[in-house]
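Chemist: Structure, please.
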Amino acid sequence: MAKKTSVNTLQRFKSGGALVPASTSWYLADLGEFRGKQILYTRQSPQRLKTLREHALIESAISSNRIEGVVVEAKRVRELVLGAPPLRDRDEEEVRGYRDALKRIHEEGATLRQLC
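Modeler: I've put the predicted structure just below:
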């Protein structure tokens, strides 16, 4: 059902019948402003960026696996996503698989896009 909604939304934008909300425009302007500062942040705060990236990976793994009915305590998810502890059960295998899939997407994104 969601796919049909997004297709309709894209068709409305294409036909010119849809307007971009002001709040969305502000966010897009902010993104454009900070895009140029990305290299600066990468050079000045690499540890901070690493911490934010790790937090995002952990939260993504928790949320995605929860949708699939996989239940692993948050502390253990952190260990599974950032380390390589022995797996205890099938749910932990799912979390590890999600981590590996994300890693592949980040490392081989350009190549994977060409395959589609």
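Chemist: Please count neighbours and contacts with C-alpha atoms only from this point.
Modeler: Fine.
Chemist: give the contact list for Ala74.
Modeler: Taking C-alpha atoms under 8 Å, 6 or more residues apart in numbering, we find Ala74 in contact with Ile62.
Chemist: and it, what are its phi and psi?
Modeler: Here is the backbone geometry of Ala74 (degrees, to the nearest 10): phi -60, psi -40.
Chemist: how about low-confidence regions in the protein?
Modeler: Across the chain, the ranges flagged by pLDDT under 70 are 1-10, 12-13, 17-18.
Chemist: so where do the helices sit in it?
Modeler: Using DSSP state H, the helices of the chain run over 2-15, 22-35, 38-44, 46-67, 74-82, 90-115.
Chemist: what's the most buried one of those helices?
Modeler: Among the helices of the chain, the stretch with the highest mean neighbour count (mean count of other C-alpha atoms under 10 Å) is helix 74-82, at a mean of 16.
Chemist: how about that helix as CSV, C-alpha atoms only?
Modeler: Coordinates of the C-alpha atoms in helix 74-82 are reproduced here as CSV (Å, rounded to 0.1, in the frame of the first residue of the first chain):
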residue,chain,number,x,y,z
ALA,A,74,20.4,-3.3,23.4
LYS,A,75,23.7,-3.9,25.2
ARG,A,76,24.2,-7.1,23.3
VAL,A,77,23.2,-5.5,20.0
ARG,A,78,26.0,-3.0,20.5
GLU,A,79,28.5,-5.9,21.0
LEU,A,80,27.2,-7.7,17.9
VAL,A,81,27.2,-4.6,15.7
LEU,A,82,30.6,-3.2,16.8
